[in-house]
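> here is the input, now give the coordinates:
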Amino acid sequence: MNLPPAQASPGLSARIASSLLPQQLHNIGCWQVIRHLGSGSTAHVWLMQHVNEDRFAACKTPKSDSEIALLSQEAELAESLTHENLVQYLTPADVVETGMQSGSATFWEFLPSGSLSKLIAAGGRLSLAETVTVLLPMIQVTQYLHNHQIVHGDISPSNILFDLNGRPVLIDFGASRATALSSNVTGTPGFLAPEIEQYNPQLTGLGSEADVYSLAAVGWFCLTGQVPGPTFSRVPLGTLNNGLAPDVIEVLEAGLSDEPVLRPKMEQLLNAVQYWAEPQPVDLFASVDEHYELLLPTRKPINTKSRPKARYRRAPRLRAQSGLKGLSDQSKRRPGRNWRMVLIITGMLLCGAALTTVTFVPDRLPHPSNNAASQKASNQDVDFQAIVDSLARARTGAWATVDSSLVSDYAVEGSPVYSEDYETLRSLAAVGNSLDGIRMRAVVESAEVTGPGAIVTVQWQTDQYTQQDSSGADLETFPSNTGAIDIKLLETDQGWKFQDFNQLHGAG
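This next block holds a predicted model:
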């Protein structure tokens, strides 16, 4: 199920879209551009919406005229393939009217839940059961390609996407080729088989063992959160994850052998992985497009009546140890109010304001108020995850728009959170600073009702964001990170709101 994305975002992605929008997308009949989704080595990808129907597509446009033939070849190859874990190519009959010449753009299934690389960057490594959920379908779809005499050539975390139901999907046929064709140096570093990377012009064909190497590297990445290095410098898998069984380690390390003949066959890899663990759903909350968060499977509310201190458990994947950092410590060569503003923000956040972030922020966010009469914690269940999600989204909107008038939507007036946020946003606005790509979200770990309020322990997640000055120049970019905090909530007539944050030991 696809719902229309929220209104165009004022963030980084929207500005990229306007600057890169190719001429052929300005007038394409019954489709309109929503935003830029990303770029590869040869193409840009755009989210498109049909103007008369409730459907969406990912549109690829070549970066240059020399890439048009490659897009056409990719589409021709994909049109002949059908597998539930393979991205669906939308034929001209599916797309109907575009008004574009053949090869100038191709339309594909839109997968809103993000990539495997984004998921692990945001939430940390996967459990063995979650790894099986991802890796087993990838082996099956690769085996399907090999049965059609096709080697994918670029199986990597950035080319594994998810739909809203958690179905992993292999994308990008740009590097694919028939096994009989000569090898090209294509693929993602760290996931590229040595026989491709160390290109031999006398090589007359590419064996399926190259994809086995990539699949083993994907499994390694899922279980460690790291890209496997070359053999001579690679840390043993058992050292990076000491909870793995010997047979898991043996299969993956064999799959990463420099010699193709020493790697397991695809059938052997399939038979081994399916017995590693019972597959468990992958929690996509960390990577899903913000506009689709509410379409993910519903979380079970906490029963606060039966348990004085209700534990709200989700998959324990948020293991990133980097702390929650403050905003930019702008270069001391930038004098005046901007420099003082940076110090104010940095000090506030390091003292426990625990800023966390969201990438695509709609122009208008839904008001986070909850019906107090239906959420009395002392009388019935309360879904604290849904409450924190709503409040974090509202706080994101205030910080993304640098609008201090929005603080009352999520914070109790006069509380520490309200005072700190209000004053900081006013100061930001006064000097014209902005936070590009700011996003806040959290995973609830436990909740304890305390009279009219509650103490909720969460893992706050901060996606990458950039602090900019009044001219739009970047002051500093901060990477994504995660940390544990206790949130003090208070139930008001307008619903639950933030009252105070307490950064826990180890959160940084």
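> output the below-cut-off pLDDT ranges for the protein.
Segments of the chain classed as low confidence (criterion: pLDDT under 70) are 1-21, 27, 96-103, 174-186, 199-206, 290-291, 293-380, 503-508.
> again, 80 this time
By pLDDT under 80, the weakly predicted segments of the chain are 1-29, 38-42, 54, 93-104, 173-187, 196-207, 285-381, 462-465, 476-481, 503-508.
> quick check: longest helix of it.
Longest helix in the chain by number of residues (criterion: DSSP state H): helix 128-147.
> after it, which helix or strand is next?
For helix 128-147, the following helix or strand on the C-terminal side (DSSP states H and E) is strand 150-151.
> what helices or strands is that next one leaning on?
Secondary-structure packing of strand 150-151 (3 or more Cβ pairs under 8 Å, 6 or more residues apart in numbering; DSSP states H and E): strand 177-178. (Each C-beta comes from the backbone N, C-alpha and C, glycine too.)
> and with 7 Å instead?
Counting contacts by 3 or more Cβ pairs under 7 Å, 6 or more residues apart in numbering; DSSP states H and E, strand 150-151 packs against no other helix or strand.
> so what strands line up beside that strand?
For strand 150-151, the pairing partners within the sheet under DSSP bridges are strand 177-178 (antiparallel).
> flag every buried residue along the following helix or strand past the strand it pairs with.
Proceeding N to C from strand 177-178, the next assigned helix or strand is helix 194-197, under DSSP H and E. Buried residues in helix 194-197, counted by 16 or more other Cβ atoms under 10 Å: 195-196.
> partners of Leu490 in the sheet?
Applying DSSP bridges, one finds that Leu490 bridges with Gly453, Lys497.
> was I right about it contacting Val412?
Yes: shown here, Leu490 and Val412 form a contact pair, counting by Cβ atoms under 7 Å, at 5.2 Å.
> kindly provide the distance from the residue nearest to Leu391 when sequence neighbours are not counted to Ile387.
Excluding the flanking residues, the one nearest Leu391 by Cβ to Cβ, 6 or more residues apart in numbering is Tyr410, at 4.5 Å. According to Cβ to Cβ, to the nearest Å, Tyr410 stands 10 Å off from Ile387.
> so for those two, which residue has more residues nearby?
Tyr410 (28 against 23; other Cβ atoms under 10 Å).
> and Asp247, what helix or strand is that in?
Using DSSP H and E, Asp247 falls in helix 246-255.
> now the element after that helix, going C-ward?
Next element after helix 246-255 (DSSP H and E): helix 266-273.
> now do the buried residues in that next one.
For helix 266-273, by 16+ other Cβ under 10 Å, it's 266, 269-270, 272-273.
> between these, which sits nearest Ala122?
Nearest to Ala122 among these is Val273, at 24.4 Å by Cβ to Cβ.
> gap between the closest one and Ala216?
On the measure of Cβ to Cβ, Val273 and Ala216 end up 10 Å apart.
> now do the helices in this protein.
Under DSSP H, the chain gives helices at 12-20, 68-79, 92-95, 116-123, 128-147, 194-197, 209-224, 237-240, 246-255, 266-273, 337-348, 384-401, 416-431.
> the residue nearest to Val261 when sequence neighbours are not counted and Leu223, how far apart?
Spatially, and ignoring its direct neighbours in sequence, Val261 is nearest to Glu209 (7.6 Å; Cβ to Cβ, 6+ apart). Glu209 sits 21 Å away from Leu223, going by Cβ to Cβ.
> can you check Leu37 too?
Taking Cβ to Cβ, one finds Leu37 at 28 Å from Leu223.
> between those two, point out the one with more neighbours.
Remark: of Leu37 and Leu223, Leu223 carries more neighbours, 23 against 20, as counted by other Cβ under 10 Å.
> distance of that one from Ala277?
From Leu223 to Ala277 the distance is 11 Å (Cβ to Cβ).
> quick check: the gap between the spatially most central residue of the chain and Ala484.
By Cα atoms, centre = their mean, the chain has its centre lying nearest to Ser287, at 2.7 Å. Separation of Ser287 from Ala484 (Cβ to Cβ) stands at 20 Å.
> contacting residues for the nearest residue to Ala217 once chain neighbours are set aside?
Among residues not flanking Ala217 along the chain, Phe191 sits closest, at 4.4 Å (Cβ to Cβ, 6+ apart). Contact analysis of Phe191 by Cβ atoms under 7 Å, 6 or more residues apart in numbering lists 155-156, 214, 217-218.
> which of those lies closest to Asn502?
Val218 (38.3 Å).
> so what's the residue count around that closest one?
Neighbours of Val218 under the rule other Cβ under 10 Å: 26.
> same thing with Trp31?
Trp31: 25 neighbours (other Cβ under 10 Å).
> how much space between it and Val169?
Using Cβ to Cβ, we find Trp31 at a distance of 22 Å from Val169.
> for Asp94, same thing?
17 Å.
> over to Thr424?
For Thr424 relative to Val169 (Cβ to Cβ), the value is 41 Å.
> if I look at the residue nearest to Val261, how far off is Lys265?
Taken as Cβ to Cβ, the span from Glu209 to Lys265 is 8 Å.
> try Ile150
Counting by Cβ to Cβ, the gap from Ile150 to Lys265 is 17 Å.
> those two: who's more crowded?
More crowded of Ile150 and Lys265, by other Cβ under 10 Å: Ile150, with 20 against 12.
> what is in contact with Leu490 and Val412 at once?
In contact with both Leu490 and Val412: 497, 499, using Cβ under 7 Å, 6+ apart.
> of the two, which one has the most company?
Per other Cβ under 10 Å, whichever of Leu490 and Val412 has more neighbours is Val412, with 21 against 17.
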